[in-house]
Each structure stands twice: as structure tokens, then as C-alpha cells.
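**Q** sequence and predicted structure, then a few things I'm wondering about:
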Amino acid sequence: MTEVQKSCNAFARDLFDVVTRDSSTNRKVTGVNAIISPVSIQTSLIYAYMGADGSTAEELRHGLRLESDEREEIAKSFHEFWTKHCSYGDRLTLRSVNRLFVNQTLTLQSEFRKLAEDYFLTQPEALKFSDAVEATNTINDLVMKDTENKIQHLLQPDAVNADTSAVLVNALYFKGKFKKPFTPESTMSDDFYVDQDRHVEVDMMYQEDKFKYIELPEVDARAVQLPYEDSNISLLIILPNKTTGLLDLERNLKTIDLADIESRMTMEDVEIAMPRFSLEFDLDLRETLQELGISKLFDDSADLSRLFTTPTGQKISAAKHRGYIKVNEAGSEAAAVTFMKMVPMSLNMQKKTFKVDHPFIFFIHNPKAVFFAGRFVEPQKNKSSTCDDGLKSISESMRVEMSQMFSRKSD
């Protein structure tokens, strides 16, 4: 296992544990729907790490699960990671875009600029943040371009002002087609049990085929893996055996290594029933990162002295994350997909039944990283059963943004 792989997987476990724990606080049952991109958040923070020094850098290094403290080595490793994982064929798109907008009154240090250009593929752009409307319009327009017009109005004009030093944006965009798509004609209404006393009607997708499957008695759950075409990326669904078992599963999740689960899975005949689902989730990263031991970035003791040539101190004033996912039959933009398969009408005593009719967790991942991680608790009205996007995108992309605003410390 490479250092990047160890770092990505360890950070993903830490982050998902905090997010799901926090999203369940003060909730009567299982909390709220959520989706995050651990590797996108980690990549953005590594970008910030390039400008950090002293105890701030050390805190970031530990929180991000980085073993090396050599900045160029770390930047190079993640550059190679993204170069490799953004090179799939026409049937799958995975794109990571970093952008850095700098106050026109400030000058970046040459070392930081070189790392940004060589390994983060970012040409820093000078902006007049005192003109908040023009600055945010510029950022929003480029974000729209990076996400194929999927993300609009990322920043409101009051997000920046003359004291803003820089804005860092990372967008991760994914769109994939299932290797074994569901048959749209088989989709029908069924019940999804939010808890033991309440259920919601959903559009339930059905198919029977050979899939990687595993029983997980150690966490009272089971899992199935749905691979995407032309890649080693897959959708892993982990379903508690009990209708109300999500919280117990999440509490034990840190003891589970996704790579270990994958290595233990076997190919089985599986009859899968799962809902079409879509969800959107906004996360204020500041408190989440503080629970991971990353706090100096946000206070007046922050040391970001490797960022600008000016002696004026800097700190991060905001860190936010937005995730979105929509899953239905095909998993891609294939609008007119019709999939028909004939199977023998024999009784298969070995067939596994995997009916996703209660809260579950999911991961879009490959052996080296978790690109997206989420929990589906409750269908949203007019989302899971709506098909008006289907003619355009039968399974729309996932998109994630993270904006980090660096603001000057007050004198």
C-alpha cells in the first residue's frame, strides 16, 4: 500500500466518523442524509499545507495523516495520484480542479507559486477583492465552467472584501455508468423504512446478476459492490441487517478497512433492490476539522508564512464543503438506455437477496482512495421519484466544492 493510499484511506475514515457522528447529534433516530468527498477535502488542505509552517504545518500533517514532511514530495505524490485517476475513458469522468484567487495587493512566495503551478496545476489569478461583486462573479463563472454549469452561485458577494487575501476552490466532478445497469422497466414503487414506525414510498430499482458480496457479522451488516465501466471505481453499499442499525454500524465503521472488505468479497448471484436516490449536503468544515485536531489554521496563532511575501500574518476564516449525488438506473448520461437480459427460470438456492429498504451508507471508491462517502437516511420529497432530469442525465454527476478563504489577521 502506497503512502498516498494509506493517507487517503486513514483520513477518509477519520473524517467520515466525525461527520456522521455530528450529523446524528440530537437526532431522535439516525440523523440526516450526508455526502462528502474525503479526498477532495484532503487535497485542498494539502494545498493549504504548502503555505503553512511551524506548529500549524505539523498539526495539518498529523490531521491529514501524512507521514512525510517534505512538501515537494507530498505535492508530487498527490499530483501523480490525480494524474492517474483522472485518466479514465469516455464512459467515466473523474476530474479534480484547483483554483487559487489572490488579492492583487499581495505577492505569493516563489516556492509556493512553483508548487501550485507544477503539482496543483494552478496558475494563481490576481483579483480585486475590494470589488466584491466583480471578484465573486469571476470565481463563480470559473466554477461553473469547471463543473459544466452544474454549480452556480458558489459565493455570494459578501463572502469577500478588501481584507480577503485569497480564495482557494477545489471542485471534484464524477460521472460514471454502471457496468451492470439496472433495467428501467423493472423500477417500481416500494417502501423505504426510515425507522420501525415510518416508511416512505420510493422508486425501487431491481436487478439480478453476479456481484461482489459479503456478510459482515462483526458489524451486523452486509455489503454489495456495483462497479463502474472502464475503471476500478465502484459503488459500495453497506446495509445494516437491522432497520435501525445505522448508528451502530457507523460507530463501528472505523474498525472496518474498505480495502479489507473488498479483498474478502466473493462473486455471488445477488438480487438487488435499491432506491433511486439523490441528496445534497453542506458542511461547515471548521468545526469538523477541529475535531480532527486541525485548529491552528483558524486562529490568530496560525502560521501561513510560506504563502505570501508580506510579513502580515494570515489565517483561514472559512472552510466549507458541498456534496451532491444522484443515482438511478444507468449511472450516467445515457438517456435512452434499454437493457434487457434473459436468465434461466431455474430456482437458485444460493442466490443472495440484498434489499436496500432502510438507512445505509455508501462509498464511491477504488482500492487507493474514497472519492465520495455518504449516508442515506430518508428519501426527500419530489427527488427520489422524479425523472425530469432523466432525459438529460439518467444518473447525474456528483459534484463537490470546497472553498477556503484566507483573511488577514487584524492588527
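**A** Structure's in. What do you need? Residues are numbered from 1 along each chain as shown.

**Q** please make it C-alpha for all contacts and neighbour counts, starting now.
**A** Will do.

**Q** quick one: the helices in the stretch 1-150 of the chain?
**A** Using DSSP state H, counting those that start in this stretch, the helices of the stretch 1-150 of the chain run over 3-23, 38-49, 54-63, 71-85, 110-119, 132-146.

**Q** would you indicate which residues of stretch 225-241 are buried?
**A** By 16 or more other Cα atoms under 10 Å, the buried positions in stretch 225-241 come out as 225-229, 231, 233-241.

**Q** just these: which are in strands?
**A** Of the positions in these, 225-227, 234-240 sit in strands, assigned by DSSP state E.

**Q** name the nearest residue to Asn98, sequence neighbours excluded.
**A** Distances taken as Cα to Cα, 6 or more residues apart in numbering place Asn170 nearest to Asn98, at 4.6 Å, with adjacent residues excluded.

**Q** quick one: whatever helix or strand the one you found lives in to strand 234-240, angle?
**A** Here Asn170 sits within strand 164-176, counting by DSSP states H and E. Angle of strand 164-176 versus strand 234-240, following axes from the mean of the first three to the mean of the last three Cα atoms, to 10 degrees, is 90 degrees.

**Q** so for strand 164-176, mean pLDDT?
**A** In this model, strand 164-176 has a mean pLDDT of 79.

**Q** what angle do it and helix 132-146 make?
**A** Interaxial angle, strand 164-176 versus helix 132-146 (the same axes, to 10 degrees): 20 degrees.

**Q** what lines up beside strand 164-176 in the sheet?
**A** Within its sheet, strand 164-176 is paired with strand 92-103 (antiparallel), strand 398-408 (antiparallel), according to DSSP bridges.

**Q** give me the below-cutoff pLDDT ranges for the stretch 101-250 of the chain.
**A** 150-151 (pLDDT under 70).

**Q** give me the domain ranges for the chain.
**A** The chain is divided into the following domains under automatic domain parsing: 3-176+279-325+400-408, 184-277+328-398.

**Q** end-to-end on stretch 293-308?
**A** One end of stretch 293-308 sits 25 Å from the other (Cα to Cα, to the nearest Å).

**Q** outside of that stretch itself, list whatever touches it.
**A** 50-57, 59-60, 63, 106-109, 111-112, 286, 289, 311, 313-318, 409 (Cα atoms under 8 Å, 6 or more residues apart in numbering).

**Q** now which of those would you call buried?
**A** Buried by 16+ other Cα under 10 Å: 50-53, 56-57, 59-60, 63, 108, 112, 286, 289, 313-318, 409, out of the contacts of stretch 293-308.

**Q** looking at those residues, which are in strands?
**A** 314-318.

**Q** if we can go back for a sec, the strands paired with strand 164-176: lowest mean pLDDT?
**A** Lowest mean pLDDT within those: strand 398-408, a mean of 43.

**Q** still on that earlier bit, which one of the helices of the stretch 1-150 of the chain lies closest to Val97?
**A** Nearest of the helices of the stretch 1-150 of the chain to Val97, taken as Cα to Cα: helix 132-146 at 7.0 Å.

**Q** how about that closest one: buried residues?
**A** Buried residues in helix 132-146 (16+ other Cα under 10 Å): 132-133, 135-137, 139-140, 142-143, 146.

**Q** likewise for stretch 266-283?
**A** Buried residues in stretch 266-283 (16+ other Cα under 10 Å): 268-283.

**Q** which of those residues fall within strands?
**A** Those of the buried residues of stretch 266-283 lying in strands (DSSP E): 268-275, 277-283.

**Q** got the helices of the stretch 1-150 of the chain as a markdown table, with distance to Met188 columns?
**A** Putting the helices of the stretch 1-150 of the chain into a markdown table (distance: least, Cα to Cα, whole Å) gives the following:
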| stretch | distance to Met188 |
| --- | --- |
| helix 3-23 | 30 |
| helix 38-49 | 33 |
| helix 54-63 | 45 |
| helix 71-85 | 35 |
| helix 110-119 | 48 |
| helix 132-146 | 35 |
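
**Q** would you map the helices across the stretch 201-350 of the chain?
**A** Going by DSSP H, counting those that start in this stretch, the stretch 201-350 of the chain shows helices at 246-251, 258-264, 285-291.
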